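Engineer: show me the folded form of this:
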Amino acid sequence: MTIGEKLKRLRNEKGLSQLALERLSGVHCKLLSKYENGKVEPTADTLRKIAQALGVTSDYLIFDNAPLDGISQLKDLELLEKFKEVENMSVENRTMIKNMIDALLIKSKVESFIKPNGQNEPWETRMQATLDCLRSRNKDYSENDILQIVNKAVEEVRSGKKAAH
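Structural biologist: Here you go, the predicted structure:
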């Protein structure tokens with residue numbers, strides 16, 4: 001994928017017009033159009049300004065396999081932005097967010113085991129296997145934490161609520 005194609009794709013993914021990207025980057029929209037259509041290649045300084053406005057690295061725009069931010073390969077740009085904001089929070093708040101994410105991931109795994117999906121295996125057997133798996137993989141959670149997460153997941157599944165993924 002060319003630099004221009006990446007610019008256009010990222011701009012569209014962020015829901016930006018060329019004029020909006022001009023305002024964010026300081027690069028004239030006519031030049032942006034030329035870059036996107038492969039008529040002109042941006043200078044290193046211009047590429048840096050555009051990359052910064054789009055929330056990616058210059059490397060991402062230049063190289064085929066470079067991650068968006070130099071570290072992550074997260075495709076959901078909105079989620080990536082939120083993670084960047086979380087990095088500026090206190091250690092205590094970051095720990096709390098990590099625990100919440102862990103709980104949601106566990107909940108999702110539990111739901112995948114306990115929802116009816118054509119298996120002949122009894123629900124209780126699948127539930128016990130899930131609990132055993134959680135106990136062995138999540139040493140940071142107490143038995144009570146795991147049971148609370150499981151009970152909440154079971155309640156939501158039984159009530160027919162859509163799982164948050």
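
Engineer: for stretch 79-91, buried residues please.
Structural biologist: Buried residues in stretch 79-91, counted by 16 or more other C-beta atoms under 10 Å: residue 80. C-beta coordinates here come from the backbone N, C-alpha and C atoms, glycine included.

Engineer: how far is it from where the chain is centred?
Structural biologist: When distances are taken as C-alpha atoms, centre = their mean, to the nearest Å, stretch 79-91 is centred 12 Å away from the chain's centroid.

Engineer: and it, what's its mean pLDDT?
Structural biologist: Here stretch 79-91 scores 85 as its mean pLDDT.

Engineer: also stretch 94-105?
Structural biologist: Stretch 94-105 comes out at a mean pLDDT of 84.

Engineer: need the helix or strand of this structure with the lowest average pLDDT.
Structural biologist: helix 123-137 (a mean of 70; mean pLDDT, DSSP states H and E).

Engineer: same for the following helix or strand past that helix, what does it pack against?
Structural biologist: Once the chain leaves helix 123-137, the next helix or strand it forms, by DSSP states H and E, is helix 143-159. Using 3 or more C-beta pairs under 8 Å, 6 or more residues apart in numbering; DSSP states H and E, the elements in contact with helix 143-159 are helix 91-114, helix 123-137.

Engineer: nearest to residue 19, of those?
Structural biologist: Closest approach to residue 19 among those is made by helix 91-114 (35.2 Å; C-beta to C-beta).

Engineer: report the distance from that closest one to the chain centre.
Structural biologist: Centroid separation between helix 91-114 and its chain, computed with C-alpha atoms, centre = their mean, is 14 Å.

Engineer: packing partners of it?
Structural biologist: Contact partners of helix 91-114 among helices and strands, from 3+ C-beta pairs under 8 Å, 6+ apart: helix 77-86, helix 123-137, helix 143-159.

Engineer: so for the last one, mean pLDDT?
Structural biologist: Predicted confidence along helix 143-159 averages 73 (mean pLDDT).

Engineer: still on that earlier bit, in TSV: the helices and strands packed on helix 143-159, plus distance to residue 21.
Structural biologist: Converted to TSV, those look like this (distance: least, C-beta to C-beta, whole Å):
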stretch	distance to residue 21
helix 91-114	30
helix 123-137	44
